[in-house]
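A.B. asks: the following block contains a protein sequence and its predicted model.
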Amino acid sequence: MSRSVLVTGGNRGIGLAVAHAFAEAGDRVALTYRTGEPPQAATRLGCLAVTCDVTDADQVERAYKEVEAAHGPVEVLVANAGITRDRLLMRMADQDFAEVLDTNVMGVFRVVKRAAGEMVEARRGRIVLISSVVGLLGAAGQANYAASKAGLVGFARSVARELGSRGVTCNVVAPGFVETDMTKALNDKQRAAMLSKVPLGRSAQAAEVAAAVRFLASEDAAYISGAVLPVDGGLGMGH
């Protein structure tokens, strides 16, 4: 059955792959982007593209109203929007830390809270948060990012406990080294160093992360909630 799906930060990379996976399955998909023109990829996929900066509560509200008017209440939320501000700890400014947490944690809080009301009323819903293996392992130069992505685990498990009795699940996907525009910018030495730590010896494709997200939003995963599903080639095993 076609569902109303919202993917935040869906204009590129993992978010776009997730939007593509749901659209391909016949769902009514909306994706958010922060600035500029609507991404051409959204048009090609038949997705509704909505401007939304998740750090702005008013923009979140406007985005939801636009999505609801076009597709109905959101039944599947994939919270993917996030930023990095990498710095070594001794050089990291307060603003570097605060901006990452505002987007990656507070932004998730805002979009999940807005979706929760309709899901509780409908007594069904799927929420999937995109974290990172860095949130489980830590990474030098990414104390802010790691803290934000680790925070999503506790947030998701709290939401899972609060909303579970209303038929709403909340889970986390923790990708590892994924082929995106950001990782393509690495030089050969940096890439080799990263892959040397991955037991499978390769990076992931964004579509592989999207497949995990789709599974957690499916009926096959109806009894899975509060889980952290790694898609990292074994990089974070044991954490």
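C.D. replies: Received it, and whenever you're ready, just let me know what you need.

A.B. asks: helix or strand with the lowest mean pLDDT in this structure?
C.D. replies: helix 181-184 (a mean of 72; mean pLDDT, DSSP states H and E).

A.B. asks: what's the spacing between that helix and its chain's center?
C.D. replies: How far helix 181-184 lies from its chain's middle: 17 Å, per C-alpha atoms, centre = their mean, to the nearest Å.

A.B. asks: for Leu16, what are its contacts?
C.D. replies: 10, 31, 39, 41, 206 (C-beta atoms under 8 Å, 6 or more residues apart in numbering). No exception for glycine: its C-beta is placed from N, CA and C like everyone else's.

A.B. asks: redo those residues as CSV? Include pLDDT.
C.D. replies: Shown next, in CSV, are these (pLDDT from 0 to 100):
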residue, pLDDT
Gly10, 93
Leu31, 97
Pro39, 87
Ala41, 88
Ala206, 96
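
A.B. asks: narrow these to those in helices?
C.D. replies: Among those, the members falling in helices (DSSP state H) are 41, 206.

A.B. asks: widest-spaced pair of the contacts of Leu16?
C.D. replies: Farthest pair in the contacts of Leu16 (C-beta to C-beta) is Pro39 and Ala206. Separation: 14.5 Å.

A.B. asks: note down every partner strand of the longest strand anywhere in the chain and its orientation.
C.D. replies: In the chain, assigned by DSSP state E, the strand with the most residues is strand 168-175. Counting by DSSP bridges, the strands paired with strand 168-175 are strand 125-130 (parallel), strand 228-231 (parallel).

A.B. asks: coming back round to it: hey, C-alpha coordinates of the helix or strand following the least confident helix or strand of the chain in CSV?
C.D. replies: The helix or strand immediately downstream of helix 181-184 is helix 188-195, counting by DSSP states H and E. Output in CSV follows, covering the C-alpha atoms of helix 188-195 (Å, rounded to 0.1, in the frame of the first residue of the first chain):
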residue,chain,number,x,y,z
ASP,A,188,43.9,7.6,-2.5
LYS,A,189,45.9,7.4,0.8
GLN,A,190,43.0,8.6,2.9
ARG,A,191,40.6,6.1,1.1
ALA,A,192,43.1,3.2,1.6
ALA,A,193,43.4,4.0,5.3
MET,A,194,39.7,4.0,5.8
LEU,A,195,39.1,0.8,3.9
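
A.B. asks: what about helix 188-195, average pLDDT?
C.D. replies: Across helix 188-195, pLDDT averages out at 84.

A.B. asks: hang on, the earlier thing: show me what the least confident helix or strand of the chain is packed against.
C.D. replies: Applying 3 or more C-beta pairs under 8 Å, 6 or more residues apart in numbering; DSSP states H and E, we find helix 181-184 packed against no helix or strand.

A.B. asks: again, only using 10 Å
C.D. replies: Under the contact criterion of 3 or more C-beta pairs under 10 Å, 6 or more residues apart in numbering; DSSP states H and E, helix 181-184 touches helix 13-24, helix 188-195.

A.B. asks: just put these in CSV and tack on distance to Arg157.
C.D. replies: Listed next are these as CSV, based on distance: least, C-beta to C-beta, whole Å:
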stretch, distance to Arg157
helix 13-24, 21
helix 188-195, 29
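
A.B. asks: for those, which one ends up most surrounded?
C.D. replies: helix 13-24 (a mean of 24; mean count of other C-beta atoms under 10 Å).

A.B. asks: so that one versus strand 125-130, what angle?
C.D. replies: Angle of helix 13-24 versus strand 125-130, following axes from the mean of the first three to the mean of the last three C-alpha atoms, to 10 degrees, is 150 degrees.
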